[in-house]
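Colleague: Just a sequence and a predicted model for now, questions to come.
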Amino acid sequence: MIRSLIPALLPALLLVLPASALAQDGMPDNLAERMEGAREAQAVAAVMGDVLQANAIAQRQYSGMVAGQLGDRYRGAVSIPADEDGTWLSVIVGQPGGEDAPLVALAEYLIADGTIQNEQLYLSGERPELEGDLLAMARAQVVAPRAVIASPETSVCLNGEEAEGASVTYLTIALPPAEDGAFNTYVLNGPLENGAIPLGKHYRVHFDEFGVIGDPELVTDTCEVVTWDDENPDLASLVYVTEYPEGEWPNAVQTFISQLVPMSIGVVTGDIIWPMAGGTIAPPVPATEAGY
């Protein structure tokens, strides 16, 4: 994998390209299929971003309400779409009573446009047990990172190289179940912080409609870390370029990460490069045309 920042040819390509661009020389014959895959990855990344934002808003509010005293049975937050479009129901999850106790709601928040519309705090003894999709997602956020850690296939990075025994911080995001009840949970290699975000060693864990967990899948196998300096006046015009030999189009995690960084990202798959920024994937161009 490479670590490089190149000048701003790619941001211009994030504009919608004409259909004729899809037939230019040097483009693969299965481009339409690959672009459909990219659109699906972009849609998943958008949900990841929405869930992470809703979870964070709910957790920040709840932490303030309890003066930061979350307790040792705090299990984070899960979010599902509410009845109204663009609105999310976020539930703060707890497990008072120990590992074998039921998962309960400590608080509930209705969130729209990044703001809390309604808040419900539950007193001890009145906390409802989670059911249905919320229960499945809350369980997933507990067991998915454990499955990743326990898997013999799991690898971590230290100083840009794979290492054994290195500690790692995971951020777990359970996505809302599909109509059949199955869903994916992403266990993201962290920390995701301002100035540095790991681009690889992120995992996806699938849960079927019965809640049966699948084997963790490594989404992107690299030890790259996207880094930047907020004081750089040219930051918005820079592009971080990464190779993705495992795929034919950018995956959902790469697209999700493009929401979190202040520059564009170019993902090279074979002889083409996919420009992306802010969670949007543009049609690809031959990598040579982008100066790569």
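Modeller: Received it, and whenever you're ready, just let me know what you need.

Colleague: what's the burial count for M65?
Modeller: Residues near M65, counting by other Cβ atoms under 10 Å, number 14. The C-beta positions use only the backbone N, C-alpha and C, and glycine is treated the same way.

Colleague: Spit out the contact partners of the residue nearest to it when sequence neighbours are not counted.
Modeller: Spatial nearest neighbour of M65, excluding adjacent residues (Cβ to Cβ, 6 or more residues apart in numbering): L121 at 6.3 Å. L121 sits next to Y62, M65, L106, A107 when contact means Cβ atoms under 8 Å, 6 or more residues apart in numbering.

Colleague: Mind doing that once more with 10 Å?
Modeller: Q61, Y62, M65, V66, I92, A105, L106, A107, E108, Y109, R127 (Cβ atoms under 10 Å, 6 or more residues apart in numbering).

Colleague: Need the pLDDT of G211.
Modeller: Looking at G211, its pLDDT is 90.

Colleague: And for G68?
Modeller: G68 carries a pLDDT value of 84.

Colleague: does it sit in a helix or strand, and which one?
Modeller: Assigned by DSSP states H and E, G68 belongs to no helix or strand.

Colleague: now it: how far from L106?
Modeller: As defined by Cβ to Cβ, to the nearest Å, G68 lies at a distance of 14 Å from L106.

Colleague: Need the residues touching each of those two.
Modeller: Y62.

Colleague: so what's E84 closest to, chain neighbours aside?
Modeller: Closest to E84 by Cβ to Cβ, 6+ apart is A112, at 7.3 Å.

Colleague: The one you found contacts D83, doesn't it?
Modeller: No - counting by Cβ atoms under 10 Å, A112 stays clear of D83, with 11.3 Å between them.

Colleague: These two - which one has more neighbours?
Modeller: A direct count of neighbours by other Cβ under 10 Å for A112 and D83 places A112 higher, at 15 against 7.

Colleague: So Q42 lies in a helix, does it not?
Modeller: Yes - Q42 forms part of a helix when assessed by DSSP: H, G, I helix; E, B strand; the rest coil.

Colleague: Next up, the contacts around it.
Modeller: Listed by Cβ under 10 Å, 6+ apart, the contact partners of Q42 are W249, P250, A252, T255, F256, S258, M276, G279, T280, I281.

Colleague: separation between the last one and S151?
Modeller: If I follow you right, that is I281. 29 Å.

Colleague: okay, these two: which has more neighbours?
Modeller: Shown here are I281 and S151; by other Cβ under 10 Å, I281 has more neighbours (24 against 15).

Colleague: Report the beta-bridge partner residues of the more buried one.
Modeller: M276 (DSSP bridges).

Colleague: Verify the stated contact: it with W274.
Modeller: Yes - applying Cβ under 10 Å, one finds I281 in contact with W274, separated by 5.7 Å.

Colleague: anything in contact with each of the two?
Modeller: In contact with both I281 and W274: M35, A38, A41, W249, P250, Q254, T255, I265, V267, using Cβ under 10 Å, 6+ apart.
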